[in-house]
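J.: The following block contains a protein sequence and its predicted model.
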Amino acid sequence: MSSENDPYLAASAAARVLAKETGVVHHDVLIVLGSGWTPAADEFGAPTAEITVTNLPGFSAPAVAGHAGKLRSVRVGSLNVLLQLGRTHFYEKNDAQAVVHAVRTAIASGVKAVILTNAAGSLHSEWIPGTPVLIKDQINLTGGTPLVGARFVDVTEIYSKRLRDLARTIKPDLPEGVYTAFHGPQYETPAEIRMVKAIGGDLVGMSTALEAISAREGNAEVLGISLVTNLAAGMTGEKLNHEDVLAAGRQAASTMGKLLVEVVSKL
């Protein structure tokens, strides 16, 4: 089967080009930066390499504001860290393989730990915009999966307790919750938010869930961190818009970047 038809072969091909373009044969950690999080990458210092994702096979440019479409290779201690500045969302192409191609490529390049970040709506009024929340579990309401064929992946602990505990050694007051992923791109209705609350969700967004499944398929540990950018639909009576999401991300970027650097330095 050609790499065009096999997403795993395609990821391996992209990993080979990544190594050539960055000069780094083996990466250890992937950090995916969500909407508005791109400035957090600057907290990692000068990159050893930065490439446009479209230079790699199988990658397409992000179509959403706040997603830069770059990959940076940086050094943190003894670790080679790959920063993904912008992701592909399921609603852009309705293609789960496109969504997780970067995760698969990173794992093919040697990554054993994946840190997924996102902008999220909160179902808890005390989690105000700017609050970082650890993801302890997820509910996938996207209607998709990145798994191909009869691949039965255990997702009992999809988000690593070890990594969550490690993050709390840095910031002990970090709350944690269940992230609920919708297909999007429309925001959730108040009725859908009531449904999420009834089934145990604490956060809502349009990303992350498929990437987490793919990372676990590749035996990588996963740490998920949501940045609350708004209270969920129907909680305040205010309308939701993407500009507010980006603004909240920019305001918290430096703080979140410092947290990520400290987490990686303890891996």
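T.: Looks like it arrived, so ask away.

J.: What segments of the stretch 1-150 of the chain are strands?
T.: 29-33, 49-52, 70-76, 79-85, 113-122, 132-141 (DSSP state E, counting those that start in this stretch).

J.: need the ones you listed in TSV with distance to residue 228, mean pLDDT and mean neighbour count, can you?
T.: Where you see a C-beta, it was placed from the backbone N, CA and C, and this is true even at glycine. Below are the strands of the stretch 1-150 of the chain laid out as TSV (distance: least, Cβ to Cβ, whole Å; pLDDT from 0 to 100; neighbours: other Cβ atoms under 10 Å):
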stretch	distance to residue 228	mean pLDDT	mean neighbour count
strand 29-33	16	96	27
strand 49-52	29	94	15
strand 70-76	25	95	21
strand 79-85	21	96	23
strand 113-122	4	94	26
strand 132-141	6	97	20
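
J.: Out of these, which is closest to residue 190?
T.: Taking Cβ to Cβ, strand 113-122 is the member of those nearest to residue 190, at 11.5 Å.

J.: Just checking the distance from the closest one to the centre of its chain.
T.: Distance, stretch centre to chain centre, for strand 113-122: 5 Å (Cα atoms, centre = their mean, to the nearest Å).

J.: quick one: it to strand 132-141, angle?
T.: Orientation check (axes from the mean of the first three to the mean of the last three Cα atoms, to 10 degrees): strand 113-122 against strand 132-141 gives 80 degrees.

J.: what angle do strand 113-122 and strand 29-33 make?
T.: Going by the same axes, to 10 degrees, strand 113-122 is angled at 20 degrees with respect to strand 29-33.

J.: In the sheet, which strands lie alongside strand 113-122, parallel or antiparallel?
T.: strand 29-33 (parallel), strand 203-205 (antiparallel), strand 221-231 (parallel) (DSSP bridges).

J.: Nearest to residue 88, out of these?
T.: Among the strands paired with strand 113-122, strand 29-33 sits nearest to residue 88 (Cβ to Cβ), with 10.4 Å.

J.: got a list of contacts for that closest one?
T.: 40-41, 76, 79-87, 102-103, 106-107, 111-117, 211, 220, 260, 264, 267 (Cβ atoms under 8 Å, 6 or more residues apart in numbering).

J.: what's the answer for stretch 192-203, then?
T.: 120-124, 133, 135, 139, 177-180, 182, 188, 204, 226, 228, 232-235.

J.: So which bits of stretch 31-49 are buried?
T.: 31-41, 43-44, 47 (16 or more other Cβ atoms under 10 Å).

J.: Which residue ranges of the stretch 1-150 of the chain form helices?
T.: With helices called from DSSP state H, counting those that start in this stretch, the stretch 1-150 of the chain shows them at 7-22, 90-93, 96-108.

J.: Identify, out of those, the most deeply packed stretch.
T.: helix 96-108 (a mean of 25; mean count of other Cβ atoms under 10 Å).

J.: That helix: how far from the chain's middle?
T.: With Cα atoms, centre = their mean, you get 11 Å for helix 96-108.

J.: neighbours around the nearest residue to residue 26 once chain neighbours are set aside, how many?
T.: The shortest distance from residue 26 to any non-neighbouring residue, by Cβ to Cβ, 6 or more residues apart in numbering, is to residue 110 (4.1 Å). Look at residue 110: counted by other Cβ atoms under 10 Å, it has 16 neighbours.

J.: Correct me if wrong: residue 110 contacts residue 24.
T.: No - using Cβ atoms under 8 Å, residue 110 is not in contact with residue 24, being 9.4 Å away.
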